[in-house]
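S.K.: Okay, here's the prediction I keep looking at, along with the sequence it came from:
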Amino acid sequence: MMALLVHVRKYSYKRSVRNVLPADDGAPAHFGQPVRNWLNQHFPSRWIGRGGPVNWPARSPDLYPLDYYLWGNLSNIIYATEVDSPEELLRRICAAGNQIKLTPFEIIRAT
């Protein structure tokens with residue numbers, strides 16, 4: 001878990017975090033005290049999740065496309081082949097995000 005936080009820190013410092021509102025889906029690994037401490041330190045009063053300053057909206061229809069479309073497709077793209085290093089994982093995450101951005105989310109949300 002701490003290894004992931006190191007990579008998140010490096011990535012977040014390269015980008016402006018003023019307009020970022022991180023969302024935690026409530027998975028046990030995302031609810032750990034080290035994760036919540038880090039979010040509170042870097043995004044005070046601005047992160048969404050269980051145990052956080054902004055509650056995760058229960059059964060929000062706007063979030064279902066993320067659960068059923070986005071995360072599954074991102075995982076399929078990222079892990080199509082074995083990942084060899086943290087750097088390769090970050091590269092694949094960025095590439096998958098750019099690829100997914102081209103998808104018309106309005107159509108997906110309407111389903």
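M.R.: Perfect, thanks for sending it. Predicted, not measured: the structure shown is a model, and the values here were computed from it.
S.K.: contacts, neighbours, all on C-alpha from now
M.R.: Noted.
S.K.: all helices for this protein, in order.
M.R.: With helices called from DSSP state H, the chain shows them at 2-14, 33-42, 64-65, 71-78, 86-101, 105-109.
S.K.: Now do the buried residues in the longest one.
M.R.: Buried residues in helix 86-101, counting neighbours by 16 or more other CA atoms under 10 Å, are found at 90, 92-93, 96-97.
S.K.: The second one too?
M.R.: Neighbour-count burial for helix 33-42 flags 35-36, 39 (criterion: 16+ other CA under 10 Å).
S.K.: Just the closest of those to Pro86, please.
M.R.: The shortest approach to Pro86 among the buried residues of helix 33-42 belongs to Val35, at 18.6 Å (CA to CA).
S.K.: In TSV: the buried residues of helix 33-42, plus distance to Tyr79 and pLDDT.
M.R.: Formatted as TSV, those follow (distance: CA to CA, whole Å; pLDDT from 0 to 100):
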residue	distance to Tyr79	pLDDT
Val35	24	81
Arg36	27	83
Leu39	26	83
